[in-house]
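Engineer: give me coordinates for this.
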Amino acid sequence: YGTTKTKPSSTLFVGNIPAAAWFERVEIIFLEDEGVCNVREAKRNTMMFVDYEDVQSATKGMLRHQNHCFPGVEKNDGLCIDFDKDPDKKRNLAHAKDMKARQRQLAQGSASRSKK
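Structural biologist: Next comes the predicted model:
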């Protein structure tokens, strides 16, 4: 799959987050991406998950932010980003369910606007 051996998924695993780069500082760089739905903290503060609307958006986000370094942070080797290895985990299934519900809401909203 190019720079990764993990099957493409709409969820990215972000690791190697420097301790001095708190969650909000990392989160903000991903929230600027098109197609981001959610940014979630992992159990350890050196990693997180980023959910995108689709695999294409996730791929763009991975390529854009791979090896991102934070200015002023010591021991900063850059972010290590890969596709989530287990997209079938409960947290990802819940995310997929939420996304389908969101898509239905958007479709219903656009259908009601077009009737007016």
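Engineer: from here on, just use CA atoms for contacts and neighbour counts.
Structural biologist: Will do.
Engineer: what helices and strands are in contact with the helix or strand harbouring Arg25?
Structural biologist: Secondary structure assigned from DSSP states H and E places Arg25 in helix 23-31. On a contact count with 3 or more Cα pairs under 8 Å, 6 or more residues apart in numbering; DSSP states H and E, helix 23-31 meets strand 36-41.
Engineer: strands paired with the strand it packs on, and their directions?
Structural biologist: strand 48-52 (antiparallel) (DSSP bridges).
Engineer: angle of the partner strand against helix 23-31?
Structural biologist: Going by axes from the mean of the first three to the mean of the last three Cα atoms, to 10 degrees, strand 48-52 is angled at 30 degrees with respect to helix 23-31.
Engineer: okay, angle between the following helix or strand past strand 48-52 and strand 48-52 too, please.
Structural biologist: Per DSSP H and E, strand 48-52 leads on to helix 55-65 as the next helix or strand towards the C-terminus. Interaxial angle of helix 55-65 relative to strand 48-52 (the same axes, to 10 degrees): 130 degrees.
Engineer: can you spell out which residues form a bridge with the residue positioned nearest the centre of the chain?
Structural biologist: By Cα atoms, centre = their mean, the chain has its centre lying nearest to Val50, at 1.9 Å. For Val50, the beta-bridge partners under DSSP bridges are Leu12, Val39.
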